[in-house]
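Participant: Quick one, fold the following:
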Amino acid sequence: INETLCTLAKCVESELTLSVLSQEQIQLLTELDEAKRQSLIDPLTKLWNRHGMDMLAEREMMGAERHRQPVSVMMIDVDYFKQINDRFGHPAGDIVLREVAQRIRSAVRPSDVVVRYGGDEFFVLARDCPDKLAAVIGDRILSRVKDEPVRSNDDRLDISVTIGITTSHSARLSQTSGLIKRADEALYDAKTAGRGCVKFRAF
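Facilitator: Coordinates of the predicted model:
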C-alpha cells in the first residue's frame, strides 16, 4: 500500500501525504489512470480542482450520510487579490495563491477536502465536523494565513482571507449544492462585515 501511495503522490505531483487523506480521496485516486488523476489536480496549488471537488463531494457526502456525520463547508476568499496582481504582478499573485493553499492545507485536518474553487477562492469540505469544530478550523485558517507575510522577491506581502461556513448536522447527498450556496452567502456576509473574518449561516 505504501508503494502505491508513493506512486500516486508522484503522479499528481502533490505535496500532500496521501496516506492521511480520507478513504474516499485515496479510493478516487486509485481508481483513475494517471491522465485522469492529473485532470483533477490544480497545477498551480496542487489542490483538488473543481472537477475533482465534484467527484469527491459526492463520495464524501454519501459517506457522511451513511455514518450519520455532520458536514461543514467553507468558502475562502483571498482578500484584495486583484490589488496584489495589479501592484506586484501575476507571478507574485501565483506565489500568494500557492502559499495560501499550503497554509489552508496545514490548518485543516488531513482528511478534509481542500479545493481551489476559482481564481482566488478556495473550498473546504469537512466530514464529521460540527459547527463548533468548523469555527475552530476557520479561525486557525485565518491565523495561519495572516500571521506571516508572503515573500515575493524582495517584497513582503501581508495577506488575509475571508471565510464563510455552514454546517449540516444530518448530511445527505442531496444537500451538497445547498451547502455550497449557503457557505457562499456566509462568505458574502463576511466580506460585508469588513473581510478578514469568519461568518456562519445556518443550514
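Participant: Quick check: which ranges of the chain have low pLDDT?
Facilitator: 1-20 (pLDDT under 70).
Participant: just the strands in it please.
Facilitator: For the chain, the strands defined by DSSP state E cover 71-78, 113-116, 121-127, 150-152, 155-157, 161-168, 198-200.
Participant: now those in a markdown table, with distance to residue 45 and mean neighbour count?
Facilitator: (C-beta placed from N, C-alpha, C; glycine too.) A markdown table is the format used below for the strands of the chain (distance: least, C-beta to C-beta, whole Å; neighbours: other C-beta atoms under 10 Å):
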| stretch | distance to residue 45 | mean neighbour count |
| --- | --- | --- |
| strand 71-78 | 11 | 26 |
| strand 113-116 | 5 | 24 |
| strand 121-127 | 8 | 24 |
| strand 150-152 | 13 | 16 |
| strand 155-157 | 17 | 13 |
| strand 161-168 | 14 | 26 |
| strand 198-200 | 21 | 21 |
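Participant: Which one of those strands lies nearest to residue 31?
Facilitator: Shortest distance between residue 31 and the strands of the chain, using C-beta to C-beta, is found for strand 113-116: 16.2 Å.
Participant: what packs against the closest one?
Facilitator: Strand 113-116 sits against helix 50-67, helix 90-107, strand 121-127, with contacts defined as 3 or more C-beta pairs under 8 Å, 6 or more residues apart in numbering; DSSP states H and E.
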